[in-house]
Structure formats: structure tokens, C-alpha cells
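**Student:** Any chance you can model this:
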Amino acid sequence: MPHKQKRPRRWIKKSAAFFRWLHIYISMFSFASLMLFAITGITLNHPDWFGADQEFIEDASGTVQTRWLEENVDRLAIAEFLRSQHNLKGMVSEFVSDEYECMVVFKGPGYAADVFIDRNTGDYTLTEISTSTIAILNDLHKGRDSGPAWSWLIDISAILMILVSITGLVLLFYLKKRRRNGLLVTFGGLVALVLVWILWVP
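**Tutor:** Residues are numbered from 1 along each chain as shown. Down below sits the predicted model:
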């Protein structure tokens, strides 16, 4: 009988140690991303508190080579020329051309640049819109115009948050004295979330 009791206890200790280790190191590894998404959750909810709604607009003009605007528009040459001439940021999100003009749109987190090019003369006008650091962080939170690598980071951060929550809940089951109260608090948080959604969300 004593041997049969020791095995479950040993298994419980080992599993508890494993989940504790997992919880701690996942939390530490994801600390920066958790803080980023937590803080930007507040700044997104209250953009007027931190100046995230401010925009800085600059206008410019110039001329591109007309040979790039012939029947087969050289989109790469035009985009790279504009980028180098005006230090434009972000990715080319749109490049539309008709028989009269071309429109090129550069976009990035908290940033946009719209260029309209006359296909006959090569003359263009540029409107560049930039925002504050907080607005850039807000766009990173939403994954707006931030590219595939950042999109993957958002997904990975979300998975890590799920694992941190689950391992924390699992650890609660190893604490006999706090298990009941902990589960009640967990259930209370769930009920509060649902009630706010049902009662106060339009």
C-alpha cells in the first residue's frame, strides 16, 4: 500500500513542477508582447488621451521618367524612384493606372502616402500622412498594414497568452487550499465579461 500511494504523489509533484516551469517561462518569453498588446489595448480605447488621433500631413511634387509610363507601366521602377526621392515608408498597397494617370499608395502602421502621376507629362503630386508613435503602436496592435511577419507575431502572441492562461488555471488545481476560491474568482470574471457584453454593449 505505501508504494501505491507514493507513485501518485510523485507524479503529482512532477506534473506540478512541469506546469509551474511552463507557466513561468512562457510568461517571461511573452512578457514584451503581452505588455505591448495590453498597453495598446488602453491606447486604442482612448486615442484622444495620448494624441493618437493627430496626423501630420506633408505635400510634395516632382516628375518621373515618361518612359516608365508607356503602355506597360514600369511599376517597380516608379515605386522605387518615389521611395528613394521622398524616403517613403511602408509597402505599396495599391498601384492603379488608367490612360490618364497612375495612383500609387504606400501604407504602413500609422503611415500613408498617396501619389498621383500624370501619364502624359510624368508630373506627380504626393500627399504623405504620418502619425504619432502611439498611433503606430495602435496599428501594430491591429496588424494594420504591418506585413506577414508581424501578422505571424500576433498569432504567436495570442497562442502564448492562451497557454499562460491555461497553465495558470492548471496550477490552481494543485493548490488545495486556494482551488475553490480561485475557481470562483475565475467563474466570476467569466460571468462579468458576459454580463457587460449582454447588458451594455449596443
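
**Student:** so where's the chain uncertain?
**Tutor:** Flagging of the chain using pLDDT under 70 yields the residue ranges 1-8.

**Student:** What are the structural domain limits within it?
**Tutor:** For the chain, whose domains are defined here by automatic domain parsing, the residue ranges read 2-49+136-200, 55-131.

**Student:** Can you give me the end-to-end span of the shortest one?
**Tutor:** Looking back up the chat, that one is domain 55-131. Chord length of domain 55-131, first to last residue, is 5 Å (Cα to Cα, to the nearest Å).

**Student:** list the contacts for the nearest residue to K142 once chain neighbours are set aside?
**Tutor:** Closest residue to K142 in three dimensions, ignoring its sequence neighbours and counting by Cβ to Cβ, 6 or more residues apart in numbering: L44, at 7.6 Å. Every residue, glycine included, has its C-beta placed from N, CA and C. Residues in contact with L44 (Cβ atoms under 8 Å, 6 or more residues apart in numbering) are A52, N138, H141, K142.

**Student:** ok now do the closest residue to G110 other than its chain neighbours, which residues does it touch?
**Tutor:** With sequence-adjacent residues excluded and distances taken as Cβ to Cβ, 6+ apart, G110 is closest to I136, at 3.5 Å. For I136, the contacting residues are P109, G110, Y111, taking Cβ under 8 Å, 6+ apart as the criterion.

**Student:** Mind listing what's buried along stretch 106-126?
**Tutor:** Of the residues in stretch 106-126, those scored as buried under the neighbour-count criterion (16 or more other Cβ atoms under 10 Å) are 106-113, 115, 117-119, 122, 124, 126.

**Student:** Same question for stretch 170-178.
**Tutor:** Taking 16+ other Cβ under 10 Å as the neighbour-count basis, stretch 170-178 is seen to contain the buried residues V170, L171, L172.

**Student:** now stretch 160-167
**Tutor:** Along stretch 160-167, these residues count as buried under the neighbour rule (16+ other Cβ under 10 Å): L160, M161, V164, T167.

**Student:** Mark which of these are part of helices, please.
**Tutor:** Using DSSP state H, the members of these that fall within helices are L160, M161, V164, T167.

**Student:** For E71, state which of the residues you listed is nearest.
**Tutor:** Of all those, L160 has the smallest distance to E71: 50.8 Å, by Cβ to Cβ.

**Student:** and for stretch 63-78, what are the contacting residues?
**Tutor:** Contacting residues not belonging to stretch 63-78 are listed as 81-82, 92, 95, 97, 102, 104, 117, 119-124 [Cβ under 8 Å, 6+ apart].

**Student:** Inside helices: which ones of the residues you listed?
**Tutor:** For these, membership in helices holds for F81, L82, with DSSP H as the criterion.

**Student:** Columns distance to S146 on top of the contacts of stretch 63-78, output as CSV?
**Tutor:** Conversion of the contacts of stretch 63-78 to CSV gives the following (distance: Cβ to Cβ, whole Å):
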residue, distance to S146
F81, 24
L82, 21
V92, 15
F95, 19
S97, 26
C102, 25
V104, 19
I117, 26
R119, 32
N120, 36
T121, 35
G122, 32
D123, 32
Y124, 26
